[in-house]
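Colleague: Provide a 3D model corresponding to the input given below.
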Amino acid sequence: MCRPIEIKRRAFTLLELVVVMAIIGVLIGLLLPAVQEVRGAALRLSCQNNLRQIGLALHEYHDNQGTLPPSAIIAHGGGPKAGLSWMTGLLAYIEQEPLAAVTAQAIRVDPSTFQNPPNVGLATVLSVYVCPMDGRLYEPMQNSDESIGAYTSYVGVAGSTLGNGVMVTPGIRLTDILDGTSNTLMVGERPPPSSLQAGWWYSTTVLLTWPDWIYQGPNASMSVDIQEAPPPCTGPFHFGPGELQNSCDRYHFWSLHPGGANFLFADGSIHFLSYSAVSVLPALASRAGGEVVDLPD
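Modeller: Below you'll find the predicted structure:
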């Protein structure tokens, strides 16, 4: 008579399971910062690629129009407070020709560039104008004035403190940049605050009838140093870390990247500047100041 073969199965003890789980936890803890660092580097690179495309578009605009776009393009008949951002001037150069045509028609119909329709661009998200570090901006958002708009991570550099930079109105020629295009800032990062008081890419319109009109902006461009702002934002404001929840941080360049922000220079190059560069940013922001500046690492 055959006896059945007994197969003994060895199981993990509770102690062994606890030890394995502890080892896995330690490994995850060690790997997570590395994964986050790699992801952050990839997002920073993608953000730089956006600025590179914007730089190419600005140079192509200059080649075609003879100047860079003005920071604010006044819509005909819209008055001094109604206008389009310089980013609308680049539409035909960032593969957005249909939207450029719709925009041109819209301001002929209604120069109030905050009205949608006909200004459908107001709520049209363009990924090239969004730093991927800020996932909020991939959808239109409604501000306190009940206007629904698409927002951008980037702002033109208007100069040090006196509008003596590149992204100003009227538009300048590259030959006006006497400090050298490789030493002069053109566009930098500034996330829109959670209050959405700044950051439309399409319109620069400010209506005196809006409840908080005096607290809007800066929008299309701004100086790297701003001394005063409406209360409660008393200033001065300089390049440095910021927070989305702090609406006053809309008055200086900063980013969601750790340690600094990306900037587009007038020669089309992209540099990540650490916040330690705050002292040289005014010199880099002026187009003809005659300063001798060593580009920070």
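
Colleague: quick one: the strands in the stretch 1-150 of the chain?
Modeller: Secondary structure of the stretch 1-150 of the chain (DSSP state E, counting those that start in this stretch): strands at 72-74, 83-85, 141-142, 148-149.

Colleague: Gly171: which of the ones you listed is closest?
Modeller: strand 72-74 (9.1 Å; CB to CB). Where C-beta positions appear, they are placed from N, C-alpha and C, glycine not excepted.

Colleague: hey, which of the strands of the stretch 1-150 of the chain is tucked in deepest?
Modeller: Across those, averaging neighbours per residue (mean count of other CB atoms under 10 Å) puts strand 83-85 on top, at a mean of 27.

Colleague: now for it, which elements pack on it?
Modeller: In terms of contacts (3 or more CB pairs under 8 Å, 6 or more residues apart in numbering; DSSP states H and E), strand 83-85 is packed against strand 72-74.

Colleague: partners of the strand it packs on in the sheet?
Modeller: strand 83-85 (antiparallel) (DSSP bridges).

Colleague: Other residues contacting the strand it pairs with?
Modeller: Residues external to strand 83-85 that are found in contact with it (CB atoms under 8 Å, 6 or more residues apart in numbering): 71-75, 103, 107, 113, 200-205, 219-220.

Colleague: Which single one of those is nearest to Gly171?
Modeller: The closest of the contacts of strand 83-85 to Gly171 turns out to be Ser71 (CB to CB; 8.0 Å).

Colleague: Tell me who's in contact with that closest one.
Modeller: 85-86, 156, 158, 167-169, 171, 204, 220-221.

Colleague: before we move on, back to that, and the least confident of the contacts of strand 83-85?
Modeller: Minimum pLDDT for the contacts of strand 83-85 is recorded at Ala75 (60).

Colleague: where in the stretch 101-250 of the chain is pLDDT low?
Modeller: The model of the stretch 101-250 of the chain has pLDDT under 70 over residues 208.

Colleague: Right, I'll leave it there.
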